[in-house]
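Asker: Need coordinates for the below:
(2 chains)
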2 protein chains.
Amino acid sequence: MNAPARFLSPEAVQRKQQAVEQLAACLGSRLSTGDAVREQHGHGEASGRTYPPDAVVWPQSTEEVSRIVAICANHDVPVIAFGAGTSLEGHVSAPYGGVCLDLSRMNAVLDVRAEDADCVVQPGVTREQLNAYLRDTGLFFPVDPGANASIGGMVSTRASGTTTIRYGAMTRNVLALQVVLADGRIVRLGTRAAKSSTGYDLVRLLVGAEGTLGIITEITLRLYGVPEAMTAATCVFPDLQGAVDTVVEIIQSGIAVARMEFLDEPQVRACNRYSQLTLAEQPTLFLEFHGTADAVSGQTARAEDIAGSHGGAAFQWAAEQDARARLWKARHAAYFAARAYRPGCDCLIADVCVPISQLAQAVAAARADIDAAGLFAPIVGHVGDGNFHVLFVLDPAVPAERERADRIYDAMIDRALQVGGTCTGEHGIGLGKRAKLVQEYGAEVVDLMRSIKTAWDPRGILNPGKIFMEDHKT
Amino acid sequence: MNAPARFLSPEAVQRKQQAVEQLAACLGSRLSTGDAVREQHGHGEASGRTYPPDAVVWPQSTEEVSRIVAICANHDVPVIAFGAGTSLEGHVSAPYGGVCLDLSRMNAVLDVRAEDADCVVQPGVTREQLNAYLRDTGLFFPVDPGANASIGGMVSTRASGTTTIRYGAMTRNVLALQVVLADGRIVRLGTRAAKSSTGYDLVRLLVGAEGTLGIITEITLRLYGVPEAMTAATCVFPDLQGAVDTVVEIIQSGIAVARMEFLDEPQVRACNRYSQLTLAEQPTLFLEFHGTADAVSGQTARAEDIAGSHGGAAFQWAAEQDARARLWKARHAAYFAARAYRPGCDCLIADVCVPISQLAQAVAAARADIDAAGLFAPIVGHVGDGNFHVLFVLDPAVPAERERADRIYDAMIDRALQVGGTCTGEHGIGLGKRAKLVQEYGAEVVDLMRSIKTAWDPRGILNPGKIFMEDHKT
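Answerer: Now for the predicted structure:
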């Protein structure tokens, strides 16, 4: 996780100071070099090390972002975009110092076009803010990573989450972007059309680029009609295999399932305690169905039959908004529930994704390793995507716990890669997984990525040190 | 559409001959320099000019593709990938000569993994071949551009078609690729996991790259369970607006519609004559619903209600496989039906895509221009995506017809871009739309694309002259 601070020549230090002075002259109180502010912007939610930037700025417009980036480019000063600070792999840290662009004041919903089911937002809009704004339109934005992340951050980490099985990840739901390039130029990528075959898909290149190719200043998103009917359900299983088999059969049967989340027994226990629920403390699926009223009622019944044929029991339906909200609130609180189960502990969140045929085995192997190591680490999974997380709840006073967790996580990734999976389904590379990226694809492919970075940002000022290992720096 | 042949120095001519001799030594009868073969490989289905390659080769393995590309790279000879030859913008033509890689013998389905709903195919597999292969698995590959294109070609043009509203374009359905780079190296991009946040999305970069960044030699595709029930329907409308309003309301209501195709009155007339049908000769929607039996029957009834409220009449259902097949065969034959309506004519197929709120107006404006120009040009549309095609059926003996059609097409694109649309929804750029790409995004964005091309293919041997205008060549 460590990236050593780069040695700066006296000239470089002076140029950085000049840049900060120029920015301060433009931005006044919307620039801070205070220790607390820099500290707060030097890390996301991960438990890794903090690397504070030299200064934090709060731009209010695309033109201002452009001017800030141009000043930084002229002085070879790094620029790090910061949204809600909810990323988990050190994406927003500043291992080389530089200027943190806090985009939280660029949080306007600029346009909603109901007939086209799209909208234009600034990058600091959060997903909960957007859905609150959309409440009266009959539309919603479905991508749901759990955290109340900013839309800009969700684009940049290629976020997904509980609804990906039905509505796709950010990859599917970004139509167009306005981007400030490494030299301050402003460009528009993509269109408002539902699809386009116009050469290289630069929108999809920016989705997941983690702020290393440009600063995203405007996003055009796909929206969806709020379904006429939504039903949620929980179902417990004697083991994970039954839950996974249920999921596979539900997908293949064409049932329009919108969410399928797996919680293992320790996670259910933690949720019960944290959210005052009385769920049976067994491997559990949380399901949600969206559609027309008749379709949803027929399909939920079908899903119950399928679950029953794989050992599922104690189906509990919740069609009412309140009951559904309570259920999903408990699911979304899984992270806090896990932490609260062992007060005073840190949480390392592991993220791997495998072909679904390999999921039961991958989760079982992780569980066996966790139990053998004597750790408390609940497992949750976006099981329809083959994506699961281990929430390692670790005592910071016992470094051996972290070491054991790291070894287990390494083994999880090794196994995922062996069966054709990936080292991150949705959290991204950041600082934390740069070596894993090379392990997954090989240095040649990472160098292909890096050649794009070099072409677009030859001075390497955009979020330096992220995605690419030092030894791959050109 | 013209790209002047590059002047070659005597040394370059000699090196090209050396390359062809080396290739002939490796490939024997799987290399041809015959005129008829070269001519046949010098164009797709478009009515544009033919640019024959210097030689055509038929590789049988990835390793052979790698060796061929390496030999061409060493001699600065262009390499043009060729699948089924169904592209429409000159993608497979060889304006600089070079070696055409005909991938039709690399047409094996390498693996089908039913539980994961994915498969691995070679690039020469066609979509009909793949679905015939899958027939007994309960799975199918949904992307349907009409033509029996090769999967490699469909990846390379970012193809979509009639089912995109439900299953997405190629963008959504390619999990992983094996690619031969411009120097002959073989790399693997993507994984078998349903999603991944591992740095730059190189799979999505290759989808739509039109053979300019690498030669695709293996493709891992998402598959889908064959729906339990499928129902097709036709419905006629007094005008296009009613049809479009119906489509918007169906989408927003959450009905699981799989296909929504619009045919205007001249197209219905041509289909009736060609396919011996008796459809009412009015603006018509072809619809198809996929899902569980109860969901489909409920939703088709809902769709009929919605259509009725927008002036739709004469709903005709076809739940039986045969009746559905007859209907869709007529839709797929639209191109041939249009050509047959005016024997001896060429067909220029226009392709634009707009936000759906703009579709009715865009189609009406095109229809008005066509009628004012006295041309025969039916219109079909993947109306759920805002994507429509004008089939200009033109007498090659009357050049003024083509001139009028080109002017109308230019105006269609101008209008599409003015309302946030795109100059191509699914046919790609190739040779034919390079100027339109610049018009749509501006030279700066096209240069960003080109910088990737230059980084990956510095000698410019992969499908040169495609996507990028000469004046943008570095």
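Asker: quick one: strands adjacent to the worst-scoring helix or strand of chain A on mean pLDDT?
Answerer: Lowest mean confidence among the helices and strands of chain A (mean pLDDT, DSSP states H and E): strand A:313-318, at a mean of 82. Applying DSSP bridges, strand A:313-318 is found paired with strand A:229-236 (antiparallel).
Asker: who touches the least confident helix or strand of chain A?
Answerer: A:231-237, A:280, A:300, A:304, A:307-308, A:324, A:326-327 (C-beta atoms under 8 Å, 6 or more residues apart in numbering or on different chains). In this view, the C-beta of every residue, glycine as well, is placed from N, C-alpha and C.
Asker: at 7 Å instead, please
Answerer: With C-beta atoms under 7 Å, 6 or more residues apart in numbering or on different chains as the test, strand A:313-318 has contacts from A:231, A:232, A:233, A:234, A:235, A:236, A:280, A:300, A:304, A:307, A:324, A:327.
Asker: so which of these comes closest to chain B?
Answerer: Closest approach between the contacts of strand A:313-318 and chain B, by C-beta to the nearest C-beta: residue A:300, at 11.2 Å.
Asker: Could you check the angle the strand or helix carrying the closest one makes with strand A:313-318?
Answerer: According to DSSP states H and E, residue A:300 maps onto helix A:293-309. Interaxial angle of helix A:293-309 relative to strand A:313-318 (axes from the mean of the first three to the mean of the last three C-alpha atoms, to 10 degrees): 160 degrees.
Asker: Could you give the separation of helix A:293-309 from the chain centroid?
Answerer: Here helix A:293-309 is found 30 Å from its chain centre; the criterion is C-alpha atoms, centre = their mean, to the nearest Å.
Asker: And the strands in the stretch 51-200 of chain A?
Answerer: Here the stretch 51-200 of chain A has its strands, by DSSP state E, counting those that start in this stretch, at A:55-57, A:79-82, A:99-102, A:109-113, A:118-121, A:139-140, A:174-180, A:186-190.
Asker: Ok, which of those comes nearest chain B?
Answerer: strand A:186-190 (5.3 Å).
Asker: What residues does the stretch 351-474 of chain A have near chain B?
Answerer: Applying C-beta under 7 Å from any C-beta of the partner chain, one finds that the stretch 351-474 of chain A approaches chain B through A:353-357, A:385-387, A:420-429, A:437, A:440, A:444-445, A:448-449, A:451-452, A:455-456, A:467.
Asker: Buried among these? Need that as a selection in PyMOL.
Answerer: Buried members of these, defined by 16 or more other C-beta atoms under 10 Å in any protein chain shown, are picked up in PyMOL with:
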select buried, chain A and resi 353+354+355+356+357+385+386+387+420+421+422+423+424+425+426+427+428+429+437+440+445+448+449+451+452+455+456+467
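Asker: Could you pull out the buried residues of the least confident helix or strand of chain A?
Answerer: In strand A:313-318, counting by 16+ other C-beta under 10 Å, buried: A:315, A:317, A:318.
Asker: So which of the residues of the stretch 351-474 of chain A next to chain B are in strands?
Answerer: A:353, A:387 (DSSP state E).
Asker: burial measure for residue A:371, as a count.
Answerer: 11 (other C-beta atoms under 10 Å in any protein chain shown).
Asker: One more: residue A:325?
Answerer: The burial count for residue A:325: 12, using other C-beta under 10 Å.
Asker: Specify the local secondary structure of it.
Answerer: helix (DSSP: H, G, I helix; E, B strand; the rest coil).
Asker: so how far is residue A:84 from it?
Answerer: Distance, residue A:325 to residue A:84, using C-beta to C-beta, to the nearest Å: 22 Å.
Asker: chain center to stretch A:309-325: distance?
Answerer: Centre-to-centre, stretch A:309-325 and its host chain are 27 Å apart (C-alpha atoms, centre = their mean).
Asker: Stretch A:194-210 now?
Answerer: Taking mean C-alpha positions (C-alpha atoms, centre = their mean), stretch A:194-210 and its chain are 19 Å apart.
Asker: same deal with stretch A:325-335?
Answerer: Centroid displacement of stretch A:325-335 relative to its chain, using C-alpha atoms, centre = their mean, is 17 Å.
Asker: List every C-alpha atom in it, with coordinates, as PDB.
Answerer: Only the C-alpha atoms of stretch A:325-335 are listed here, as PDB (Å, rounded to 0.1, in the frame of the first residue of the first chain):
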ATOM      1  CA  ALA A 325     -36.800   0.100   3.200                       C
ATOM      2  CA  ARG A 326     -36.100  -1.600   6.600                       C
ATOM      3  CA  LEU A 327     -34.700  -4.700   4.900                       C
ATOM      4  CA  TRP A 328     -32.400  -2.800   2.600                       C
ATOM      5  CA  LYS A 329     -31.400  -0.400   5.300                       C
ATOM      6  CA  ALA A 330     -30.100  -3.400   7.200                       C
ATOM      7  CA  ARG A 331     -28.200  -4.600   4.100                       C
ATOM      8  CA  HIS A 332     -26.700  -1.200   3.500                       C
ATOM      9  CA  ALA A 333     -25.700  -1.000   7.100                       C
ATOM     10  CA  ALA A 334     -23.700  -4.300   6.800                       C
ATOM     11  CA  TYR A 335     -20.400  -2.400   7.000                       C
END
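Asker: Buried residues in that stretch, which are they?
Answerer: Neighbour-count burial for stretch A:325-335 flags A:327, A:328, A:330, A:331, A:332, A:333, A:334, A:335 (criterion: 16+ other C-beta under 10 Å).
Asker: distance of the second one from chain B?
Answerer: What it means is residue A:328. To chain B, residue A:328 is 19 Å away according to C-beta to the nearest C-beta, to the nearest Å.
Asker: Contact partners for that residue?
Answerer: Going by C-beta under 7 Å, 6+ apart, residue A:328 touches residue A:232.
Asker: One more: the fifth one?
Answerer: Under the criterion of C-beta under 7 Å, 6+ apart, the contact partners of residue A:332 comprise residue A:146.
Asker: Could you measure from it over to residue A:166?
Answerer: 17 Å.
Asker: what's the answer for the second one, then?
Answerer: Counting by C-beta to C-beta, the separation of residue A:328 from residue A:166 is 14 Å.
Asker: Over to the first one?
Answerer: Distance from residue A:327 to residue A:166, counting by C-beta to C-beta: 17 Å.
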